[in-house]
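J.: this one's sequence-less:
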């Protein structure tokens with residue numbers, strides 16, 4: 001009898017997996033030759049939407065298969081063309097989704113909107129912002145098979161999806177990011193802005209795809225410019241609830257620390273920011289459990305001094321392999337603390353008067369525009385959950401052993417982002433607007449300057465580094 005019950009359970013679970021399995025296919029090849037012949041119904045790879053009167057945002061989709069290759073390079077080519085043909089400077093926002101998502105639309109009115117719908121909301125809010133009135137907002141959604149099974153059984157697929165995300169972080173994704181940035185800056189290099197956002201396993205994809213390319217780009221441009229200033233690889237790289245091993249963040253932090261000279265880097269304008277909700281149990285509890293056995297025998301002590309790495313001296317490498325950046329206190333650079341309102345905080349009535357524009361978002365979010373239009377150094381506002389016109393104020397405070405790093409890592413209070421997802425909540429979007437404004441406080445491209453000098457035969461020492469806005 002027990003055997004029969006067990007067999008029935010196995011058959012039932014297997015059936016749910018088989019019949020609930022999400023197809024391994026693209027979703028956004030509509031209009032590209034005979035794609036529907038091979039992949040079924042396809043949605044268009046490009047959208048143009050009026051968020052309010054006279055304010056339009058554009059959205060392109062580029063999708064990758066299980067091995068990280070393009071489903072169809074023509075999708076990528078169309079995105080590049082649409083960006084290049086903009087008659088105005090481009091505000092380019094590239095987003096890589098995480099687990100449970102793909103490039104398909106969710107059913108309207110569902111309890112849990114998909115990342116496509118929530119990304120549209122972010123783009124519409126940017127499009128109506130006065131800070132982007134002279135820019136063309138263009139989002140690019142980089143899609144992959146983050147959702148393997150429909151329904152609750154998808155929670156059993158996390159380690160398969162993590163392995164897939166690691167594979168996907170290859171040359172095609174890196175090519176897409178850097179080529180789309182190149183196209184955005186081509187016609188208006190002094191005015192266009194490029195922001196990269198990755199969530200969960202998408203943050204893993206983004207960090208792995210960018211790390212080596214960013215290192216090579218920074219150092220190669222320095223050689224070409226002979227120590228002069230050059231544009232940063234991106235104006236902001238934002239990793240949200242990253243599901244990557246913290247060793248990747250450690251390695252990039254080490255690289256930045258190696259090339260920076262104390263006092264030469266503006267610590268208030270980072271290149272990379274990793275934020276993790278303090279209530280994100282997926283990365284705080286389940287990630288260490290899932291990485292315990294694969295790294296059971298991965299132990300190596302760092303016998304480093306603190307000259308080139310403040311976080312690792314006499315630390316077991318296993319700690320970096322079984323924690324995410326947001327839950328490894330050794331890597332934290334900042335705290336976000338509740339704050340009293342600043343002296344120039346607007347009263348609620350003025351906030352209500354300012355909120356005149358409509359967007360495609362379901363909720364009002366005046367704090368988003370507050371942070372973009374009235375930035376305050378290391379301080380920002382979010383709307384109260386019960387009343388979006390009643391602001392709560394937050395202060396960013398430097399924390400940790402390396403306060404000058406251009407790679408920020410910090411916890412986010414659950415009042416701003418609660419749990420692992422969703423991240424594009426009104427409070428989350430308001431914080432993202434503030435981080436963008438902190439890193440891009442002035443018009444013009446983000447500038448970097450490095451100078452490499454040979455100190456002896458076969459040895460090169462990077463003497464200075466600067467990250468600034470002109």
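T.: Arrived safely, thanks for sending. Every value quoted in this text rests on a predicted model; they were computed, and no experiment measured them.

J.: burial count for the nearest residue to residue 319 once chain neighbours are set aside?
T.: Spatial nearest neighbour of residue 319, excluding adjacent residues (CB to CB, 6 or more residues apart in numbering): residue 328 at 7.1 Å. C-beta: built from backbone N, CA, C; applies to glycine. As a burial measure, residue 328 scores 20 neighbours (other CB atoms under 10 Å).

J.: kindly report the same for the one 3 residues further on.
T.: Using other CB under 10 Å, residue 331 is surrounded by 27 other residues.

J.: again with residue 413
T.: Residue 413: 19 surrounding residues under other CB under 10 Å.

J.: would you state the strands of the stretch 51-200 of the chain in chain order?
T.: All strands of the stretch 51-200 of the chain, identified by DSSP state E, counting those that start in this stretch, fall at 55-63, 90-96, 136-143, 193-199.

J.: so the residue nearest to residue 319 sits against residue 318, correct?
T.: No - proximity of residue 328 to residue 318 does not meet the contact threshold set by CB atoms under 8 Å, at 11.8 Å.

J.: related to what we said a few turns ago, mind checking how far the residue nearest to residue 319 is from residue 241?
T.: In this structure, residue 328 lies at 14 Å from residue 241, with CB to CB, to the nearest Å as the measure.

J.: re earlier: now the strands of the stretch 51-200 of the chain as a markdown table including mean neighbour count?
T.: Formatted as a markdown table, the entries for the strands of the stretch 51-200 of the chain read as follows, by neighbours: other CB atoms under 10 Å:
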| stretch | mean neighbour count |
| --- | --- |
| strand 55-63 | 23 |
| strand 90-96 | 27 |
| strand 136-143 | 25 |
| strand 193-199 | 26 |
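
J.: and the gap between residue 389 and residue 442?
T.: For residue 389, the distance to residue 442 under the criterion CB to CB works out to 29 Å.

J.: and those two? Which one has more around it.
T.: When neighbours are counted by other CB under 10 Å, residue 389 and residue 442 differ, and residue 389 comes out ahead with 19 against 11.

J.: of all the strands of the stretch 51-200 of the chain, which one comes closest to residue 107?
T.: With distances scored as CB to CB, the stretch of these nearest to residue 107 is strand 136-143 (17.6 Å).

J.: can you tell me who the most centrally placed residue in the chain pairs with across the strands?
T.: Within the chain, the residue whose C-alpha comes closest to the C-alpha centroid is residue 197; the distance, by CA atoms, centre = their mean, is 2.1 Å. Going by DSSP bridges, residue 197 is paired in beta bridges with residue 95, residue 238.

J.: I'd say it and residue 235 touch.
T.: No - taking CB under 8 Å as the contact criterion, residue 197 and residue 235 are not neighbours in contact, 11.9 Å apart.

J.: how about the nearest residue to residue 156, chain neighbours excluded?
T.: Closest residue in space to residue 156, ignoring its immediate chain neighbours: residue 149 at 7.5 Å, by CB to CB, 6+ apart.

J.: for the one you found, give its distance to residue 161.
T.: In this view, residue 149 and residue 161 are 10 Å apart by CB to CB.

J.: any chance of CSV for the strands of the stretch 51-200 of the chain, columns distance to residue 120 and mean pLDDT?
T.: Formatted as CSV, the entries for the strands of the stretch 51-200 of the chain read as follows, by distance: least, CB to CB, whole Å; pLDDT from 0 to 100:
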stretch, distance to residue 120, mean pLDDT
strand 55-63, 7, 97
strand 90-96, 11, 97
strand 136-143, 8, 98
strand 193-199, 14, 97
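
J.: okay, those strands in TSV with distance to residue 256 next?
T.: What follows is these, written out as TSV (distance: least, CB to CB, whole Å):
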stretch	distance to residue 256
strand 55-63	28
strand 90-96	22
strand 136-143	25
strand 193-199	17
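
J.: for those, which one sits closest to residue 423?
T.: Taking CB to CB as the criterion, residue 423 comes closest to strand 193-199 out of the strands of the stretch 51-200 of the chain, the separation being 5.4 Å.

J.: mean confidence (pLDDT) on the next helix or strand after that closest one, please.
T.: In the C-terminal direction, the helix or strand that comes right after strand 193-199 (DSSP states H and E) is helix 201-225. For helix 201-225, the mean per-residue pLDDT is 85.
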